[in-house]
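S.K.: Please find the sequence and the predicted model below.
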Amino acid sequence: MWRNLQKHPVEVAVLLLGSACAGQAEVAAQVPSEPAIQAPSAPPAPTARFVAISDAVPLTWFDAHTSAPDPLDPNSLVIGFDTGSDPTTFIARDFRASALPFSHRAAMDTISFTTEAPAGYFISKVTYTQRGTAATGRTDVSAGGATWVVAGIPGTLGVFSDDPSLSGTLDLTSLRLTSVPVSITVSLFASTGSIAVAGAGFHVELLPLTP
């Protein structure tokens, strides 16, 4: 055997080198890898609460029971509306004033709720937005208006005839309130034609309470 090794020195060297490399690879594979360092997650965004939601006219126009925070923006309240018709009178329950049969010539409702800021924050600004449609014929006569009371402060959101869409914002920063009661009233009227509110929402902005 010794003579065979002397006759083939190159092959022996290659064999020994391959064995050494395999051993090193095996040792390296046994060394445990260090766990990845994860960046700290951002704290959750502050979220307001909407409580004690109610409306003045049950089963018609505004619907407090289906009013709920927007899943994509919890600081926004999506205001619900009634649908269908009254089973006794067959008059439509949606927020619409119309001269058409089985419709209300006038529609008015108030939705009320309280907005509460999370601990360590106050309500700095609130915004109400509504959208809708109206008949625009030359002989159509329709109108409407919206008002609100926020933290005891009354204000007008606007009056309209051919387009009930509107938006209003109130800055409450100087008051530094952590709880804000809100009441929103919308009125519609139509002697001919029609006018309707199809959607509405209320958005809250928060700021941290600082000493």
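M.R.: Yes, it's here. Numbering: from 1, shown residues only.
S.K.: now for the helix or strand where residue 76 lies, which elements pack on it?
M.R.: Using DSSP states H and E, residue 76 maps to strand 73-81. If you count contacts as 3 or more C-beta pairs under 8 Å, 6 or more residues apart in numbering; DSSP states H and E, strand 73-81 packs onto strand 62-70, strand 194-208. From N, CA and C alone the C-beta is placed, and that goes for glycine too.
S.K.: CSV for the ones you listed, including distance to residue 81?
M.R.: Formatted as CSV, those follow (distance: least, C-beta to C-beta, whole Å):
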stretch, distance to residue 81
strand 62-70, 6
strand 194-208, 7
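S.K.: To residue 130, which of those lies closest?
M.R.: Closest to residue 130 of these, according to C-beta to C-beta: strand 194-208, at 4.0 Å.
S.K.: If you average the pLDDT over that closest one, what comes out?
M.R.: Here strand 194-208 scores 97 as its mean pLDDT.
S.K.: Pull out the buried positions in that strand.
M.R.: 194-197, 200-204, 206 (16 or more other C-beta atoms under 10 Å).
S.K.: Next: stretch 136-149.
M.R.: Result for stretch 136-149 [16+ other C-beta under 10 Å]: buried residues 140, 142-148.
S.K.: quick one: which of these is nearest residue 133?
M.R.: Distances from residue 133 to the buried residues of stretch 136-149, taken by C-beta to C-beta, are shortest for residue 142, at 10.5 Å.
S.K.: Identify the residues contacting that closest one.
M.R.: Counting by C-beta atoms under 8 Å, 6 or more residues apart in numbering, residue 142 touches 97, 134-135, 161-162, 188-195.
S.K.: Contacts for stretch 64-80, please.
M.R.: Here stretch 64-80 has contacts from 47-48, 50, 53-55, 62-63, 81, 111, 113, 199-206, using C-beta under 8 Å, 6+ apart.
S.K.: swap the cut-off to 6 Å and go again
M.R.: 47-48, 50, 53-55, 63, 200-204 (C-beta atoms under 6 Å, 6 or more residues apart in numbering).
S.K.: follow-up on the earlier one: may I see the buried residues of stretch 136-149 arranged in JSON lines, with secondary structure as well?
M.R.: Listed next are the buried residues of stretch 136-149 as JSON lines, based on DSSP: H, G, I helix; E, B strand; the rest coil:
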{"residue": "140", "secondary structure": "coil"}
{"residue": "142", "secondary structure": "strand"}
{"residue": "143", "secondary structure": "strand"}
{"residue": "144", "secondary structure": "strand"}
{"residue": "145", "secondary structure": "strand"}
{"residue": "146", "secondary structure": "strand"}
{"residue": "147", "secondary structure": "strand"}
{"residue": "148", "secondary structure": "strand"}
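S.K.: Can you give me the end-to-end span of stretch 158-165?
M.R.: The first and last residues of stretch 158-165 sit 9 Å apart, counting by C-alpha to C-alpha, to the nearest Å.
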